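Enquirer: Return a 3D structure for these sequence lines:
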Amino acid sequence: MAPEHLTISKDMLSDSALSMIGKNWKPTQKLVLNLHKTKYVCHYRNLQFYIRYGLVFKKIHRVITFKQECWLEPWIKYCTEQRQAALTEFEFDLA
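Expert: Prediction:
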């Protein structure tokens with residue numbers, strides 16, 4: 001639950017993983033589930049999901065508010081109407 005991007009270094013690998021790596025291994029960034037998070041930033045819908053499935057929070061450091069709006073909706077409607085009105089494949093691809 002609550003994945004994040006982490007760069008995996010050699011000291012983070014287990015003994016069995018260390019025995020399998022080759023000579024050309026290098027640290028890479030992976031999407032991992034880390035259980036020890038501090039100051040994790042997430043959307044309120046994700047926060048609600050995490051709480052519903054049992055994640056326990058010790059402290060909330062900060063809350064950010066913002067306004068969500070459908071700012072691309074007029075453009076998407078316009079493109080859809082143009083595609084519906086298209087008579088040729090060229091006009092369809094143009095819209």
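Enquirer: Show me what secondary structure element comes after the lengthiest helix in the chain.
Expert: Criterion DSSP state H: the longest helix present in the chain is helix 73-85. Sequence-wise, the next helix or strand downstream of helix 73-85 (DSSP states H and E) is helix 89-94.
Enquirer: Could I get the buried residue list for that next one?
Expert: By neighbour count with 16 or more other CB atoms under 10 Å, helix 89-94 contains no buried residues. Any C-beta I mention is one placed from the backbone N, CA and C, and that applies to glycine too.
Enquirer: for that helix, packing partners?
Expert: The elements that helix 89-94 packs onto, with contact taken as 3 or more CB pairs under 8 Å, 6 or more residues apart in numbering; DSSP states H and E, are helix 73-85.
Enquirer: With just CA atoms, put the longest helix of the chain into CSV.
Expert: Provided in CSV are the C-alpha atoms of helix 73-85 (Å, rounded to 0.1, in the frame of the first residue of the first chain):
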residue,chain,number,x,y,z
GLU,A,73,-13.4,19.5,-21.3
PRO,A,74,-14.2,22.2,-23.9
TRP,A,75,-11.3,21.1,-26.1
ILE,A,76,-12.2,17.4,-25.8
LYS,A,77,-15.8,18.2,-26.8
TYR,A,78,-14.6,20.3,-29.7
CYS,A,79,-12.3,17.5,-31.0
THR,A,80,-15.1,14.9,-30.6
GLU,A,81,-17.5,17.0,-32.6
GLN,A,82,-15.0,17.6,-35.3
ARG,A,83,-14.3,13.9,-35.6
GLN,A,84,-18.0,13.1,-35.8
ALA,A,85,-18.5,15.7,-38.6
